[in-house]
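Student: I'd like to go over a predicted model; first the sequence, then the structure.
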Amino acid sequence: MALVTALPQDTEPVAQAPISYWRAVGWRLARDPATLVAGSVLLIIVLSALLAPWLAPYDPSAGSIRLRLAPVGAPGHALGTDEQGRDMLSRLLWGGRMTLVAGLAPVLVALALGTALGVLAGYVGGLTNTLVMRTMDVFYAFPAVLLAIAISGALGPGLPNTLLALSIVFVPRVVRVAESATVQVKGLEYIAAARASGAGVLPIMRHHLLANVLGPILVFASTQVSLCIILAAGLSFLGLGVTPPAAEWGLMLNTLRQSIYVNAIVPALPGLAIFITSMAFNLLSDGLRDAMEIRA
Amino acid sequence: MNAGNGRAPLLQVRGLRKHFPLRSGVLQRTYAWVRAVDDVSFDVYPAETLGIVGESGCGKSTLARLILRLIEPDAGTVRFDGHDVRGAAPPQMKRLRRDMQLVFQDPYASLNPRLTIEDAVAFSLLVHDRPRDEARERARALLGRVGLDPRVYGRRYAHELSGGQRQRVNIARALVLDPKLLVLDEPVSALDKSVQAQVLNLLQDLKAERALTYVFISHDLNVIEYVSGRVLVMYLGEVVETGSADALAQAPKHPYTQALFASAPSMDPDKRMERPPLIGDPPNPIDPPSGCRFRTRCAFAMERCASAPPALRPVGPAHEVACYLFS
């Protein structure tokens, strides 16, 4: 066995600590104005949704017929009331919880499940790849809205079923991205070098593959959040998602739509909330994509 | 072949063959085969450097991956240190991998961009269940040996290093398991001439220091002549000539070897060429010429060259050539 001469260890390190990839991404994100604005907006939305029980001035499902469709700025109701006289501010705050859960949970499920399936299919290849990818193609063949409607229609309304339906919509999309990223990275020589060192499939996936495919997958998943929010709201709008009297932005849009001729502004508020939230997620994912293109 | 002077070969390759299928269509039907490596046999003896030279696309890199069983051969055997590499079960294969390592051609694609170079080198040791501290310590020591001060470079990422520095990391990674055999797949081709010389000298020093055996693959005859004791000349997946580096340089027999040596750039103005010794590109390995694969570009092609491929025949001590001109 050849000897390796140890270097003197008593001297001070010469170089400064290196910047890890993820820290560099964070550094760049924190210096992008659009990301900062979108991030702050999202932070406010998330916080207000989390703190809805304390922030909301009224019970979101208690209304009074006498106060139906009060305009924005009405005394005691800053954002007016809906067609059943329920306080809009309270309902928007509570509705944000539902909408955020319905927008984020399916994408997170898809991120976990889709990455696992995609990396497996891409790395193992062969029959496994064919089986996984062709199954995903079946789901992919349907437009997202149609698939979501079909699945929730079959499962019936309610939040859990909506989440399940939306997860099924987004898993195949993430699988596709994960698989193609994996196939690309798998061909690189550092994977071959890891194999040549005798590493098994799992250590290679953990140390070499995952870290290098996670970037594009994360960026893709973040672009899907806004779509998922809109789909969830759409399902509720169609009566296939969250069931009344619960507050959810899409559902609120549906119940208020007949009132649009009485008061145009109040029915537009849930739509505005959906627009701002999904826009913020889009801007954030754009920033993430740019920040991740660091390496030469 | 008696290049080993009676010693047992460290690496014995016999009849190695790899044909890659080309598929297309919905059913992925194979419509053609790329004959990357065809019936290649050779021995490598302990402490020698076997150079493998040939044009790009002649199957050199495939051969390197076949030796290390990174891809499975279609036929043939690889014996390393008395063990059958092709038939080795996974646990035995893992042990064998410690003793045979590969240095890659592309210094950019061969390092994980998310690992510090220290971790990249230490990874192999962790795979073989060495404690983390020991792995890091040995990785740092080896980085120092290949000329990268671990206190300066150890915690850097690959993209912060130059091509030559990355190739040093690759060498350290290959050596960290204390292998007996190093397969070097065009280790200096992507580097500047001045850096090439530094890396080549480092490789020569390491070889002497650690009693290593090299299989050195390159398309550059100057490099091959400089490092190799024996040389194997490949053309379109086949061995056309093998012999000592001196014998090949002084008296190349195969018309292809002659053309290769004639086309190597020379510093001597008297040796400048009037016309290229080899014309055209190598034929497509999907449909190689019948018989001798070189006959389509050979100035001495005869009728029989098209009928059957010539076998390797001895033309001198430890010098063999596959050409009908010498049979």
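Tutor: Yep, that arrived.
Student: which secondary structure elements does the strand or helix carrying residue A:134 sit against?
Tutor: In the assignment (DSSP states H and E), residue A:134 maps to helix A:126-140. With contacts taken as 3 or more Cβ pairs under 8 Å, 6 or more residues apart in numbering or on different chains; DSSP states H and E, helix A:126-140 sits against helix A:88-124, helix A:159-186. All C-beta spots, glycine's among them, are computed from the backbone N, C-alpha and C.
Student: looking at that helix now, give me its mean pLDDT.
Tutor: Confidence for helix A:126-140, expressed as mean pLDDT, is 88.
Student: next SSE after it?
Tutor: Assigned by DSSP H and E, the successor of helix A:126-140 is helix A:144-155.
Student: wait, isn't residue B:298 in contact with residue B:292?
Tutor: Yes. With contact defined as Cβ atoms under 8 Å, residue B:298 reaches residue B:292; the gap is 7.3 Å.
Student: which neighbours do those two share?
Tutor: residue B:305 (Cβ atoms under 8 Å, 6 or more residues apart in numbering or on different chains).
Student: more neighbours, the two?
Tutor: residue B:292 (27 against 19; other Cβ atoms under 10 Å in any protein chain shown).
Student: spit out the contact partners of the more buried one.
Tutor: B:298, B:301, B:305-306, B:309-310, B:322-324.
Student: skip the chain neighbours and tell me the closest residue to it.
Tutor: Nearest non-adjacent residue to residue B:292, counting by Cβ to Cβ, 6 or more residues apart in numbering or on different chains: residue B:305, 4.4 Å away.
Student: that neighbour touches residue B:293, doesn't it?
Tutor: No. Counting by Cβ under 8 Å, residue B:305 does not reach residue B:293; the two are 9.6 Å apart.
Student: between the two, point out the one with more neighbours.
Tutor: Taking other Cβ under 10 Å, residue B:305 and residue B:293 do not tie; residue B:293 has more neighbours (25 against 22).
Student: can you classify the more buried one by secondary structure?
Tutor: Three-state call for residue B:293 (DSSP: H, G, I helix; E, B strand; the rest coil): coil.
Student: near chain A, which residues of the stretch 1-150 of chain B? Just list them.
Tutor: B:65, B:68, B:70, B:93-95, B:97-98, B:101-102, B:104-106, B:109-116, B:120, B:123-124, B:126-128, B:137-138, B:140-142, B:144-145, B:149-150 (Cβ under 8 Å from any Cβ of the partner chain).
Student: can you tell if the helix or strand hosting residue A:194 touches chain B?
Tutor: Under the criterion of DSSP H and E, residue A:194 resides in helix A:189-196. Yes. Using Cβ under 8 Å from any Cβ, helix A:189-196 reaches chain B at A:189-190, A:192-196.
Student: where in the stretch 1-150 of chain A is pLDDT low?
Tutor: Along the stretch 1-150 of chain A, segments meeting pLDDT under 70 span A:1-19.
Student: all the strands of the stretch 1-150 of chain B, in order from the start?
Tutor: B:11-24, B:29-44, B:49-53, B:75-80, B:83-84, B:100-103 (DSSP state E, counting those that start in this stretch).
Student: can you list those in a markdown table and add mean pLDDT?
Tutor: Converted to a markdown table, the strands of the stretch 1-150 of chain B look like this (pLDDT from 0 to 100):
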| stretch | mean pLDDT |
| --- | --- |
| strand B:11-24 | 89 |
| strand B:29-44 | 88 |
| strand B:49-53 | 93 |
| strand B:75-80 | 92 |
| strand B:83-84 | 90 |
| strand B:100-103 | 92 |
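Student: switch these over to CSV; also include distance to residue B:192 and mean neighbour count.
Tutor: As requested, the strands of the stretch 1-150 of chain B are exported to CSV (distance: least, Cβ to Cβ, whole Å; neighbours: other Cβ atoms under 10 Å in any protein chain shown):
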stretch, distance to residue B:192, mean neighbour count
strand B:11-24, 31, 17
strand B:29-44, 29, 19
strand B:49-53, 21, 26
strand B:75-80, 34, 18
strand B:83-84, 39, 14
strand B:100-103, 18, 28
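Student: check what pLDDT the residue nearest to residue B:121 when sequence neighbours are not counted gets.
Tutor: Of all residues not flanking residue B:121 in the chain, residue B:139 sits nearest, at 3.9 Å (Cβ to Cβ, 6+ apart). For residue B:139, the pLDDT comes out at 93.
Student: for the residue nearest to residue B:292, what are its contacts?
Tutor: B:291-292, B:295, B:298, B:324 are the contacts of residue B:305 under Cβ under 8 Å, 6+ apart.
Student: against residue A:178, how distant is residue A:184?
Tutor: 11 Å (Cβ to Cβ, to the nearest Å).
Student: nope, residue A:26 is what I meant
Tutor: 23 Å.
Student: pretty sure residue B:285 contacts residue B:55?
Tutor: No. If you go by Cβ under 8 Å, residue B:285 and residue B:55 don't touch, sitting 11.1 Å apart.
Student: so these two - more neighbours on which side?
Tutor: A count of neighbours by other Cβ under 10 Å puts residue B:285 above the other of residue B:285 and residue B:55, at 20 against 16.
Student: quick one: secondary structure of that one?
Tutor: Classified using three-state DSSP, residue B:285 is coil.
Student: paired strands for the host helix or strand of residue B:241, with orientation please.
Tutor: Using DSSP H and E, residue B:241 sits in strand B:238-244. Its sheet considered, strand B:238-244 pairs with strand B:230-235 (antiparallel), strand B:319-321 (antiparallel) by DSSP bridges.
Student: packed most tightly, which of those strands would that be?
Tutor: strand B:230-235 (a mean of 25; mean count of other Cβ atoms under 10 Å in any protein chain shown).
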